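**Q** this is a predicted model, with the sequence first.
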Amino acid sequence: MFRELFLGMFFGTFTGITPALHVNTLAVVIGNFKIQEFNFVILVFTMGLTHTFLDSIPSTFLGVPEEDTALTVLPAHRLVLKGKALEVINISITASLLSLFLAIPLIPLYSHLVNLYTPSIGKVFVFAMFLILIFTERGIKKISALIIFLLSGILGLLIDYLPLREPYFHIFVGLFGIPTLLQALNSSFEVGDENIEMNKGNFLRFSFLGTFFGMLASLLPTFTSSQAALIGSFISKDERSFLTIAFSANTANFFFSLLNFYFTGRTRNGILVTIKEGYPILSKEELIFLILSSFLVGIIVYIYGLFLARTFGKIIQRLNYKALSICIISGIFLFSFYLDSVLGIAVLVTSSLIGLLAVNLGVKRTNCMGVLMLKIMIK
């Protein structure tokens with residue numbers, strides 16, 4: 001069992017620090033190997049949990065987001081350009097670890113809520129967030145925000161009809177990654193130190209909020225980690241409080257998804273889908289083992305996570321940041337072409353133009369979350 005635990009941490013670390021490699025992809029590959037049933041669950045679950053701690057490293061240093069980290073790219077990159085890259089990573093792994101412990105008192109509440117979900121509840125949540133997104137913009141910018149929301153949403157609807165292998169790679173990197181990288185072309189890069197410039201009480205409070213939102217995200221299939229972070233953007237006062245909420249929500253969402261699977265058999269992410277295919281039912285003892293293992297994994301990853309970030313940062317700091325950004329953009333286009341040929345490039349360019357339009361109109365790029373929200377509202 002412990003061999004699978006540490007293998008899971010190793011693979012989760014690999015996917016976490018590797019740009020554009022999603023943990024779900026590797027989980028499917030591992031699923032093809034004959035591993036003793038519950039040992040397979042331990043390996044894959046540990047891998048996914050570890051990934052949630054470390055996926056902030058490529059999105060922070062390189063600006064390459066996944067669906068769950070898309071909204072964190074913007075405030076994280078602002079702090080990176082201020083020489084606070086290591087602080088962002090520290091916020092990520094500390095908030096992730098805290099979310100595991102803060103999730104424990106929420107489990108009894110979760111066990112009562114988990115069976116109450118109906119699709120209409122999810123739609124109400126998303127529609128409320130849509131209204132908040134638009135009406136928190138000032139004056140004429142409400143119209144600009146609506147335009148960005150609708151353009152993103154229409155693109156989100158269209159990709160369901162396109163023969164794409166990885167549609168959300170092109171969309172989220174385009175909406176959030178490419179504009180950020182283009183803005184950083186004339187910027188310098190400093191790693192800085194890892195000290196979190198936030199009152200400990202506030203950090204704990206925002207971590208709890210993120211944990212609670214992550215719990216909601218695991219309850220509602222229409223409510224993702226990115227949308228949980230979206231709520232956080234309305235509550236947080238600055239980049240650090242937003243990132244604390246967002247990173248806590250990401251890990252809590254993954255953790256509570258395991259409980260959802262145990263209580264209802266429903267799956268809320270690719271890791272749980274892979275687990276269910278090979279091991280459809282968990283016993284109470286197995287659930288307790290996975291919960292306890294989560295704390296062990298979280299503590300270990302917390303210990304070595306900053307070391308990895310420092311190493312990553314030192315390598316990048318020796319490079320020309322403008323040249324690095326150009327190489328990353330070129331690499332993204334090459335990878336997009338590799339995944340889905342010319343059609344992938346077309347979606348990437350289209351989504352990038354929408355992201356850049358949001359920047360030029362001066363509205364929050366969170367309005368680009370229409371890519372997920374519009375289809376939920378109308379389907």
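**A** Thanks, I have it.

**Q** name the element I178 belongs to?
**A** Using DSSP states H and E, I178 sits in helix 178-183.

**Q** hmm, who's touching that helix?
**A** Helix 178-183 is contacted from outside by 63, 73-74, 77, 325, 328-329, 332, 348, 351-352, 355-356, 358-359, 365, using C-beta atoms under 8 Å, 6 or more residues apart in numbering. For the C-beta atoms, the positions are set from N, CA and C on the backbone; glycine is no exception.

**Q** at 7 Å what do you get?
**A** If you take C-beta atoms under 7 Å, 6 or more residues apart in numbering as the criterion, helix 178-183 is touched by G63, V73, L74, H77, S325, I328, I329, S352, G355, L356, V359.

**Q** which one's the longest helix in this structure?
**A** Of all the segments of type helix in the chain, defined by DSSP state H, the longest one is helix 321-361.

**Q** related to what we said a few turns ago, helix or strand right after the helix holding I178?
**A** Moving toward the C-terminus from helix 178-183, the next helix or strand (DSSP H and E) is helix 200-219.

**Q** got the contact list for A184?
**A** When contacts are counted by C-beta under 7 Å, 6+ apart, A184 touches G63, H77, L81, S325.

**Q** closest to R138 out of those?
**A** The closest of the contacts of A184 to R138 turns out to be H77 (C-beta to C-beta; 23.5 Å).

**Q** name the nearest residue to that closest one, ignoring sequence neighbours.
**A** Computed as C-beta to C-beta, 6 or more residues apart in numbering, the closest residue to H77 that is not its neighbour in sequence is T180, at 5.1 Å.

**Q** burial of that neighbour, as a residue count?
**A** As a burial measure, T180 scores 26 neighbours (other C-beta atoms under 10 Å).

**Q** now do the lowest-mean-pLDDT helix or strand in the chain: which elements does it pack against?
**A** Lowest by mean pLDDT, DSSP states H and E among the helices and strands of the chain is helix 225-235, with a mean of 73. Contacts defined by 3 or more C-beta pairs under 7 Å, 6 or more residues apart in numbering; DSSP states H and E place helix 225-235 against helix 119-135, helix 200-219, helix 239-264.

**Q** alpha carbons of it, as PDB, please.
**A** Only the C-alpha atoms of helix 225-235 are listed here, as PDB (Å, rounded to 0.1, in the frame of the first residue of the first chain):
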ATOM      1  CA  SER A 225     -13.000  24.700  -9.000                       C
ATOM      2  CA  SER A 226     -12.700  27.600 -11.400                       C
ATOM      3  CA  GLN A 227     -16.200  28.700 -10.600                       C
ATOM      4  CA  ALA A 228     -15.500  28.300  -6.900                       C
ATOM      5  CA  ALA A 229     -12.500  30.600  -7.400                       C
ATOM      6  CA  LEU A 230     -14.800  33.000  -9.300                       C
ATOM      7  CA  ILE A 231     -16.900  33.400  -6.100                       C
ATOM      8  CA  GLY A 232     -13.700  34.000  -4.300                       C
ATOM      9  CA  SER A 233     -12.900  36.900  -6.600                       C
ATOM     10  CA  PHE A 234     -16.000  38.700  -5.400                       C
ATOM     11  CA  ILE A 235     -15.000  38.200  -1.700                       C
END
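
**Q** and that helix, how far out from the chain's middle?
**A** In terms of C-alpha atoms, centre = their mean, to the nearest Å, the centre of helix 225-235 is found 11 Å from the chain centre.

**Q** quick one: that helix to helix 239-264, angle?
**A** Relative orientation of helix 225-235 versus helix 239-264 (axes from the mean of the first three to the mean of the last three C-alpha atoms, to 10 degrees): 140 degrees.

**Q** hmm, who's touching helix 225-235?
**A** By C-beta under 7 Å, 6+ apart, the residues outside helix 225-235 that reach it are 67-68, 70-72, 129, 132, 136, 209-210, 213-214, 216-217, 242, 245-246, 249-250, 253, 366, 369, 372.

**Q** quick revisit: tabulate the contacts of A184 in JSON lines, adding columns for neighbour count.
**A** Below are the contacts of A184 laid out as JSON lines (neighbours: other C-beta atoms under 10 Å):
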{"residue": "G63", "neighbour count": "27"}
{"residue": "H77", "neighbour count": "25"}
{"residue": "L81", "neighbour count": "17"}
{"residue": "S325", "neighbour count": "22"}
